[in-house]
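J.: what follows is a predicted structure for the sequence shown.
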Amino acid sequence: MFHSKPKSTFYKAHPLSLLIKILVWASVCITAFVLLFIIAYIFIKGVPHFSLDFFSLKYNSNNVSVLPSIITTIYMILISLLTALPFGIGCAIYLTEYAKESRFVRYIRVTTETLSGIPSIVYGLFGMLFFVTYLKWGFSILAGSLTLAIMILPLIIRSAEEAIIAVDNTYREASYGLGASKLRTIFRIVLPAAISGIFAGVILAIGRIVGESAALIYTAGTVAKIPISGFDSARTLSVHMYALSSEGLNTDKAYATAVVLVALVILINFLANTITKKVGNK
């Protein structure tokens, strides 16, 4: 019968293990402290400046309402995801289930990795030149959303690809053994099993959409109003916060906008995790 050594004896025999454990716990504590400090600082500076006028339907110089920006941000998230998800998941399915290792496949992977590292301002300039100027859409929700869709596409491709690769091959073999076709196996077996990993990529993509400002200034514009159509110019929460802080007249409202932005991100992540659990259990 084997007896495990006491922890004190183990760490005396392996002092490096104790050092690594201390460093790991120190990293966890520092990370948690920094996160809590940032959130607490934003809430302390922003919550006291909440008011009913701050959530009015129309923006003006007196209330600098955040509601139009909230609605615009939700529009941006929906349009960008609806555009990027089919292409991203479709590309991931092709790379993992159909494509054989070749120069073309390697080129696609290098391209997606390169696109994920391009600064957002470059995407903004591309969106301005192509969507705003060449297609003559002007500063609009549609131009901004498609620019964001291009930005998050590499992230969705890589996360979906890794999630599909992680699915055990025995699932595929069992499906083929029962006579299912390859396409049916992918959509009824593989994708449901990989849904949690795909949703993780979607959550990260939503975080990038919500926090983006540089690309949207050049594509969606900075008009503070509720958009009626896809060709209307509007500002998201991040652009709204940037505009208020850069003007220097409503810095307190910029902190209040930051609180709304953080709350929206937390709410979206909570809803996405809830949906992921329900879909995964089903």
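T.: Alright, I've got the coordinates.
J.: from Met76, how far out is the spatially most central residue of the chain?
T.: Residue closest to the mean C-alpha point of the chain, counted by Cα atoms, centre = their mean, is Ala205 at 2.3 Å. According to Cβ to Cβ, to the nearest Å, Ala205 stands 12 Å off from Met76. No exception for glycine: its C-beta is placed from N, CA and C like everyone else's.
J.: again with Glu247
T.: 22 Å.
J.: got the contact list for Leu95?
T.: Val105, Ile108, Arg109, Ile157, Glu161 (Cβ atoms under 8 Å, 6 or more residues apart in numbering).
J.: what helix or strand is the fourth one located in?
T.: By that I understand Ile157. helix 141-165 (DSSP states H and E).
J.: please identify which of Glu247 and Met76 sits among more neighbours.
T.: Neighbour count, other Cβ atoms under 10 Å: between Glu247 and Met76, Met76 has more, with 26 against 11.
J.: name the helix or strand for the more buried one, please.
T.: helix 67-93.
J.: same for that helix, what does it pack against?
T.: helix 141-165, helix 195-211, helix 237-247, helix 251-281 (3 or more Cβ pairs under 8 Å, 6 or more residues apart in numbering; DSSP states H and E).
J.: okay, angle between the last one and helix 237-247 too, please.
T.: Translated: helix 251-281. 170 degrees (axes from the mean of the first three to the mean of the last three Cα atoms, to 10 degrees).
J.: returning to what we had before: need the helices and strands packed on helix 67-93 in CSV (columns: distance to Phe43 and mean pLDDT).
T.: CSV is the format used below for those (distance: least, Cβ to Cβ, whole Å; pLDDT from 0 to 100):
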stretch, distance to Phe43, mean pLDDT
helix 141-165, 27, 91
helix 195-211, 17, 86
helix 237-247, 15, 85
helix 251-281, 6, 81
